[in-house]
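*Asks:* my questions concern the predicted model and sequence given below.
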Amino acid sequence: MTALKGKDIAAFLARPDLSQGLVLVYGPDAGLVSENAGLVVKRQMGENPDPESLITLQMSEIEADPQRLGIETRTPSLFGGDRLIRIRNANNKLAPTLAELLDEGLPVLVVVEGGDFKPSEALRKLAEARKDARALPCYADTGQAVDLLIRQTLAENKIRSEPDLAPLLRDMLGNDRQVTRRELEKLVLYAGEGGTLTRDDVLALCGDNGALALDAMVDAIGTGHAGRLDDAMIRAGAAGTDAQRLLAVALGHFSRLRAMRAEIDAGATADQVLARATPRVHFSRKSALEQQLRLWTDSSLAAACARLAGAIAQSRKTAPLAPAIARQALLAICMAAARR
């Protein structure tokens, strides 16, 4: 069997043990599939391969001309040396042709990129069954893997950062390798080799402005900061968030606060409540939420929720007035927090 797993994948990518035959790189993380296929090409052909020696084909090209792949694999390089064929967006229709070419003794390396093939699918079965083939699955990065990638990238470029920057960036980016790489390239370009990155830099360059504005909005309301509320609402509006969405997010926030408040009233500490909250509370908001849990009682939170529910109903009846209705309700709750 040549289905690689775990450390075997990393070892193969560092030093491929196949110079002729088939390498199938597949999985649900398209970014990681593309990156790992590129690493195989780089290890085989070098940093700047000769265009005559590296042939890149789309599956659609092969389907349009079924003889194309056979011709390319049998055509020697004009200048000698190794040749490599890279096939993107492959599907199972490719399996019979590849099986025939492998049986003939494939004289080149064919690197095939595909989606999330099941074990029973023809292309994956072919790659896993043959000694002259390798199957490299690519699944979404774990949080630990993303952390490691972030730290390695910053270290390679001698970029200094605040201690909590890696987990902040990981939480913002998720686990799609292509997205992570793109955002890291942006940060490296911004900081420059040997530069410095701060939390504010990351939020400004990589943050989802709409989501960040909504978090800032509800925290400003809950802690009684009218100026911050105004800024956050402007940012949310610029990101395309409408008034009813603002009210709905605020209602969700205060309903969540009320559930947390109930746990505290039952004997839990704020730290305990925030630590087990679902969805997980990001560390950058922890102090703001702790403050809100100190300021608001169950009865005051119930009143805030009722005010927001009423504003939502009113805004639906008179849609043209929704922005004014939302602003009035949110500011009133913010001022109530400021008086506490």
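*Replies:* That came in fine, so what should we check first? Residues are numbered from 1 along each chain as shown.
*Asks:* can you pull out the strands in the chain?
*Replies:* Secondary structure of the chain by DSSP state E: the strands cover 21-26, 54-58, 84-90, 109-114, 133-137, 160-161, 196-197.
*Asks:* mind putting those strands into a markdown table with mean neighbour count and mean pLDDT?
*Replies:* Bear in mind the C-beta positions are built from the backbone N, C-alpha and C, glycine included. Formatted as a markdown table, the strands of the chain follow (neighbours: other CB atoms under 10 Å; pLDDT from 0 to 100):
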| stretch | mean neighbour count | mean pLDDT |
| --- | --- | --- |
| strand 21-26 | 25 | 94 |
| strand 54-58 | 16 | 92 |
| strand 84-90 | 20 | 93 |
| strand 109-114 | 25 | 94 |
| strand 133-137 | 23 | 92 |
| strand 160-161 | 18 | 87 |
| strand 196-197 | 15 | 87 |
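*Asks:* with distance to residue 225 as new columns, can those strands be given to me in CSV?
*Replies:* Below are the strands of the chain laid out as CSV (distance: least, CB to CB, whole Å):
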stretch, distance to residue 225
strand 21-26, 50
strand 54-58, 53
strand 84-90, 50
strand 109-114, 50
strand 133-137, 48
strand 160-161, 28
strand 196-197, 27
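*Asks:* residue 170: which of these is closest?
*Replies:* strand 160-161 (12.6 Å; CB to CB).
*Asks:* adjacent strands (with direction) for that closest one?
*Replies:* strand 196-197 (parallel) (DSSP bridges).
*Asks:* tell me the phi and psi of residue 48?
*Replies:* When read as degrees, to the nearest 10, the backbone of residue 48 gives phi -130, psi 80.
*Asks:* the one 5 residues further on now?
*Replies:* Comment: the main-chain dihedrals of residue 53 come out as phi -100, psi -20, following degrees, to the nearest 10.
*Asks:* how many neighbouring residues does it have?
*Replies:* Neighbour count of residue 53, defined by other CB atoms under 10 Å: 19.
*Asks:* who's in contact with stretch 254-269?
*Replies:* Stretch 254-269 is contacted from outside by 218, 222, 270, 272-274, 277, 289, 292-293, 296-298, 301-302, 304-305, 308, 333, using CB atoms under 8 Å, 6 or more residues apart in numbering.
*Asks:* one more pass at 7 Å, please.
*Replies:* For stretch 254-269, the surrounding residues in contact (CB atoms under 7 Å, 6 or more residues apart in numbering) are 222, 270, 273, 277, 292-293, 296, 298, 301-302, 304-305, 308.
*Asks:* do stretch 289-296 as well
*Replies:* 222, 223, 257, 260, 261, 264, 270, 274, 281, 337, 340.
*Asks:* which of the residues you listed has the most neighbours?
*Replies:* residue 222 leads the contacts of stretch 289-296 on contacts (other CB under 10 Å) with 25 neighbours.
*Asks:* pLDDT wise, what is the closest residue in space to it that isn't next to it in sequence at?
*Replies:* Excluding the flanking residues, the one nearest residue 222 by CB to CB, 6 or more residues apart in numbering is residue 292, at 3.9 Å. Residue 292 carries a pLDDT value of 95.
*Asks:* sorry, back to before: out of the strands of the chain, nearest to residue 187?
*Replies:* strand 196-197 (6.0 Å).
*Asks:* off-centre distance for the closest one?
*Replies:* The chain centre lies 22 Å from the centre of strand 196-197; the measure is CA atoms, centre = their mean, to the nearest Å.
*Asks:* show residues contacting it.
*Replies:* Contacts of strand 196-197 (CB under 7 Å, 6+ apart): 159, 160, 161, 165, 187, 191.
*Asks:* can you pull out the helices in the stretch 1-150 of the chain?
*Replies:* 7-14, 30-45, 59-64, 68-74, 95-104, 122-129, 143-156 (DSSP state H, counting those that start in this stretch).
*Asks:* got the phi/psi numbers for residue 15?
*Replies:* phi -150, psi 80.
*Asks:* without its sequence neighbours, what residue ends up closest to it?
*Replies:* In space, residue 15 is closest to residue 43, 7.1 Å off (CB to CB, 6+ apart).
*Asks:* if we can go back for a sec, any chance of the contacts of stretch 289-296 in a markdown table, plus pLDDT and distance to residue 25?
*Replies:* Converted to a markdown table, these look like this (pLDDT from 0 to 100; distance: CB to CB, whole Å):
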| residue | pLDDT | distance to residue 25 |
| --- | --- | --- |
| 222 | 95 | 47 |
| 223 | 95 | 49 |
| 257 | 96 | 46 |
| 260 | 95 | 45 |
| 261 | 95 | 50 |
| 264 | 94 | 50 |
| 270 | 91 | 47 |
| 274 | 91 | 41 |
| 281 | 80 | 37 |
| 337 | 93 | 53 |
| 340 | 81 | 57 |
